[in-house]
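Q: I need the structure of the sequence given here:
(2 chains)
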Amino acid sequence: QQQVKQSPQSLIVQKGGISIINCAYENTAFDYFPWYQQFPGKGPALLIAIRPDVSEKKEGRFTISFNKSAKQFSLHIMDSQPGDSATYFCAASKGTYKYIFGTGTRLKVLA
Amino acid sequence: GAVVSQHPSWVICKSGTSVKIECRSLDFQATTMFWYRQFPKQSLMLMATSNEGSKATYEQGVEKDKFLINHASLTLSTLTVTSAHPEDSSFYICSAGNLDRGVYGYTFGSGTRLTVV
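A: Numbers count the residues shown, from 1 in each chain, chains lettered A, B, ... in the order given. Predicted coordinates:
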């Protein structure tokens, strides 16, 4: 019940394309769903986050879509750029408690 | 705002020695800090949660006597790997947040690459 399942494990997208990463959770008590971006040798950086009272949140080229009934949420990267090539982690938490991380998606954007 | 500094960024130590990693919140008071370990191409594995002024809470399977965590102030937490062995070689990352502000988004440090030889 504490798992967050993330897919795909890896993703290759052409420059200008849309990158889509999906996550699913079981624990309905989770109320905070962030996405983190990590470059090799660096710590994760918060990209965007959503709470379950909204179905979508957009910040620049990054959009989270949230489906509460399906217990799924996804990250969309519009107009993907080579500089977006990184590993992306979804996470879920209940209140201010510890995060449960997904397994990560390695994104490569081809120039 | 919300900057977390982690030091050192990389360290090499001899087997059997101890090494200390520092995690500092530079522009906010961190009531809670988390320590993670990450193996290559894998997700973050939570090692322990530390709250300022109290003992750290370790995740199941993490040796508390080997990975000593101290959170003595609202801006500093340290992780000491005692009697390090080659299998302790890994990427260690801290994250911090201020729960009193109701801020859910924890900020991560830049990580420390530990190599035990």
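Q: need the residues of chain B near chain A, please.
A: By the rule C-beta under 8 Å from any C-beta of the partner chain, the part of chain B lying against chain A is B:4, B:6, B:32, B:34, B:41-44, B:46, B:49, B:91, B:93, B:95, B:97, B:99, B:102, B:104-111, B:113. The way it works is simple: take the backbone N, C-alpha and C, and place the C-beta from them, glycine included.
Q: of those, just the buried ones, PyMOL syntax please.
A: Buried members of these can be picked out in PyMOL with the line below, counting by 16 or more other C-beta atoms under 10 Å in any protein chain shown:
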select buried, chain B and resi 4+6+32+34+43+44+46+49+91+93+95+97+104+106+107+108+109+110+111
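Q: which members of the residues of chain B next to chain A are positioned in strands?
A: When DSSP state E is applied, the residues of chain B next to chain A are split such that B:4, B:6, B:32, B:34, B:44, B:46, B:49, B:91, B:93, B:95, B:97, B:107-108, B:113 fall in strands.
Q: lowest-confidence one in these?
A: Summarising pLDDT for these: the lowest-scoring member is B:Gly97, with 83.
Q: and for that residue, nearest residue in space, chain neighbours not counted?
A: Leaving aside its chain neighbours, B:Gly97 sits nearest to B:Tyr106 (4.2 Å; criterion: C-beta to C-beta, 6 or more residues apart in numbering or on different chains).
Q: wait, doesn't the one you found sit right on B:Trp35?
A: No: in this structure B:Tyr106 lies outside contact range of B:Trp35 using C-beta atoms under 8 Å: 11.8 Å.
Q: ok, the residue in chain B that chain A sits nearest to to B:Ala2 distance?
A: Among residues of chain B, the one nearest chain A by C-beta to the nearest C-beta turns out to be B:Phe108. It sits 3.9 Å away. Noted for B:Phe108: a distance of 10 Å to B:Ala2, by C-beta to C-beta, to the nearest Å.
Q: thank you, goodbye.
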